[in-house]
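Asks: Just to be clear, the model below is a prediction. Sequence and coordinates:
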Amino acid sequence: MRLKADLTLLAVAIIWGSAFIAQGVAAQHGIAYLYNAASFLLATIILLPLIPRTKKISREQVFWTLLVGFILFIGSTLQQVGIYYTKVANAGFITSLYVIFIPFILLLGFREKPNKLDLLAVFIAALGAFLLSTAGHIQFQPGDTLELVGAVFWALHMVILGKFASRYEPLSFAAGQYLVSGLLSLLLGLFIEDKTILLVPAVIGAVLFRALFSIAIGYTLQVWGQRHTPPTDAALILGLESVFATIFGWLLLKQLLLPIQVLGCFIIFTAVMLSQIKNINPGNPTSAPIEPL
């Protein structure tokens, strides 16, 4: 089951990497809150018919769903708004720093001492993300602070999913957090942004793509995958989205890929492989057995 979960998270990273193109379209049209609202609410509608009707939703699940939905709202809002005031390269690199925050959140919030290989892997991954996103050069912008705070919330989101998602039915849990995030985004967007932008064909396409693939499929698979994969390992695998975003940009948008960025990709892959060593080393008492498919 662990191997299947890791492969599922890898698929999520690929999906999220392709979704950066859609998010870029929304950013070009100056829309953030309504874009998030439309995407999350449409994803909720897509999932509703698939939720099992036989399982009751407990008060405890409602609490964690509300909390995770609020954290998702804060993280996605800070990321999308932050792009207005910083470079996309800066946003990609700073957001990827959530892999560094996770071991410390686990230590402070759950008294879990991080594995030494995990710590080494997250810092190697951060180095790779820096080279990949910025090509070794970064100019700090006003929006960088928003992206950094957002990275903390993405880390919190991933930790809470890893700790509590396994207790509940994944589809109802996923749809619940989308609903919360979508409604909060809609509340702000109706007062701040121009609603007519949602009628632009390019924005409609971006919303449909993100709602179906990035959220309804991607985030839901994330909820399931993190039922069986520790938060730090999950973060490193999902961090590959920056690699796949670069690959899709190169393939579809003909964006130039510098040698130093290719090196960054290989460094991130190395970090992910390093984090998996403890799972295949029978002499490591902290390793979790990988169940057969």
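Replies: Yep, it's here.
Asks: pLDDT wise, what is residue 137 at?
Replies: Looking at residue 137, its pLDDT reads 77.
Asks: wait, residue 44
Replies: 97.
Asks: what's near enough to touch it?
Replies: 175, 178-179, 182 (C-beta atoms under 8 Å, 6 or more residues apart in numbering). Glycine gets a C-beta too; all of them are placed from N, C-alpha and C.
Asks: low-scoring stretches of the stretch 1-150 of the chain, by residue?
Replies: 88-89 (pLDDT under 70).
Asks: so where's the stretch 151-293 of the chain uncertain?
Replies: For the stretch 151-293 of the chain, the ranges with pLDDT under 70 are 253, 255, 278-293.
Asks: ok, 90 please
Replies: By pLDDT under 90, the weakly predicted segments of the stretch 151-293 of the chain are 161-170, 226-262, 264-266, 268-293.
Asks: follow-up on the earlier one: what's the most distant pair in the contacts of residue 44?
Replies: Among the contacts of residue 44, the pair separated by the greatest distance (C-beta to C-beta) is 175 and 182, at 10.2 Å.
Asks: Please name the residues that touch the residue lying closest to residue 86 once chain neighbours are set aside.
Replies: Spatial nearest neighbour of residue 86, excluding adjacent residues (C-beta to C-beta, 6 or more residues apart in numbering): residue 143 at 3.3 Å. Residue 143 makes contacts with 81-86, 90-91, as judged by C-beta under 8 Å, 6+ apart.
Asks: Reformat these into a markdown table and put neighbour count next to each item.
Replies: Shown next, in a markdown table, are the contacts of residue 143 (neighbours: other C-beta atoms under 10 Å):
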| residue | neighbour count |
| --- | --- |
| 81 | 18 |
| 82 | 25 |
| 83 | 22 |
| 84 | 13 |
| 85 | 15 |
| 86 | 19 |
| 90 | 22 |
| 91 | 28 |
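Asks: neighbours around the closest residue to residue 165 other than its chain neighbours, how many?
Replies: Leaving aside its chain neighbours, residue 165 sits nearest to residue 223 (5.0 Å; criterion: C-beta to C-beta, 6+ apart). Counted with other C-beta atoms under 10 Å, the neighbours of residue 223 add up to 21.
Asks: The one 10 residues further on too?
Replies: By the measure other C-beta under 10 Å, the count of residues near residue 233 is 25.
Asks: Also residue 33?
Replies: 22.
Asks: Over to it: give its phi and psi.
Replies: phi -60, psi -50 (degrees, to the nearest 10).
Asks: isn't it right next to residue 194, touching?
Replies: No: with contact defined as C-beta atoms under 8 Å, residue 33 does not count as touching residue 194 (10.9 Å).
Asks: Now do the SS call for residue 113.
Replies: coil (DSSP: H, G, I helix; E, B strand; the rest coil).
Asks: how far away is it from residue 161?
Replies: In this view, residue 113 and residue 161 are 21 Å apart by C-beta to C-beta, to the nearest Å.
Asks: Just want to know which of the two has more residues nearby.
Replies: residue 161 (27 against 10).
Asks: for the closest residue to that one other than its chain neighbours, what are its contacts?
Replies: For residue 161, ignoring the flanking residues on the chain, the nearest one in space by C-beta to C-beta, 6+ apart is residue 226 at 4.6 Å. For residue 226, the contact set (C-beta under 8 Å, 6+ apart) comprises 5, 9, 158, 161-162, 165-166, 234.
Asks: What remains of those if I keep only buried residues?
Replies: In terms of neighbour count (16 or more other C-beta atoms under 10 Å), the buried residues within the contacts of residue 226 are 5, 9, 158, 161-162, 165, 234.
Asks: wouldn't residue 265 be in contact with residue 128 here?
Replies: Yes: under the criterion of C-beta under 8 Å, residue 265 makes contact with residue 128 at 7.1 Å.
Asks: Quick check: phi and psi at residue 141.
Replies: Here is the backbone geometry of residue 141 (degrees, to the nearest 10): phi -120, psi 160.
Asks: The one helix or strand residue 6 maps to packs against which elements?
Replies: Secondary structure assigned from DSSP states H and E places residue 6 in helix 2-28. Using 3 or more C-beta pairs under 8 Å, 6 or more residues apart in numbering; DSSP states H and E, the elements in contact with helix 2-28 are helix 59-82, helix 88-95, helix 201-209, helix 220-225, helix 231-238, helix 241-252.
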